[in-house]
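S.K.: Quick check, what structure comes out for this input:
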Amino acid sequence: MTAVLVPEESQRLHRLIAYHQVPLGLSEEQCAGAACVWCAGPAGPDAVGLEYPGYHGCSDCYLARISWLITWYAWQQHVLDCTPCRRQRICYVGRGRRVRHELTIAPAGKEPLFCSACHRPVDADEPAMPAFCEGYSGTHLGYGHTA
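M.R.: The predicted model follows:
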């Protein structure tokens, strides 16, 4: 997937990744910036510096998370703007955005679609949409059944 982002959007997505997607319980190498915070592989010369002092992510892990965010927001924006999607009708564009997003889940190390409202997995044939979810630590990007 190719996306061109304006600098402000790139910075916003970078902050979302740096502040909300760095796991807890990092090793000494990860804390020192010698290893990727996600895969624990060598950070390498193309590693992306995160907001925490010394934390780095390898380019593959970082780009997987950027792709996950871009596709989530693209799907969410489509659902907000699309009358058939809002009325829970068939929309092939919305379905395509969902499928594209689902392809980014595993590479980004994310869990499969899980409904924030009913707390059960969303099957591939079930209608769903991206949803903001309120949690103990703030707002999170999630999913919800539409039916």
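S.K.: Can you get me the centre-to-centre distance for stretch 110-125 and its chain?
M.R.: 14 Å (Cα atoms, centre = their mean, to the nearest Å).
S.K.: Contacts for it next, please.
M.R.: For stretch 110-125, the external contacting residues (Cβ atoms under 8 Å, 6 or more residues apart in numbering) are 68, 102, 104-105, 128, 131, 133, 142-145. C-beta here means a position set from N, CA and C on the backbone, and glycine is covered the same way.
S.K.: likewise stretch 128-138?
M.R.: 72-73, 75-76, 79, 85, 98, 101, 113, 115-117, 122, 139-146.
S.K.: for the record, mean pLDDT for it?
M.R.: For stretch 128-138, mean pLDDT is 81.
S.K.: Over to stretch 87-101?
M.R.: 94.
S.K.: pLDDT score assigned to G44?
M.R.: Confidence at G44, expressed as pLDDT, is 87.
S.K.: That one reaches S59, doesn't it?
M.R.: Yes. Contact criterion Cβ atoms under 8 Å: G44 and S59 qualify, at 7.5 Å.
S.K.: Report the distance from the helix ranked longest in the chain to the chain centre.
M.R.: In the chain, assigned by DSSP state H, the helix with the most residues is helix 59-81. Taking Cα atoms, centre = their mean, the mean C-alpha location of helix 59-81 is offset from the chain mean by 6 Å.
S.K.: same question, stretch 98-112
M.R.: Remark: stretch 98-112 is offset 8 Å from the chain centroid, using Cα atoms, centre = their mean.
S.K.: What residues of that stretch count as buried?
M.R.: 98, 101-102, 104-105, 108, 110 (16 or more other Cβ atoms under 10 Å).
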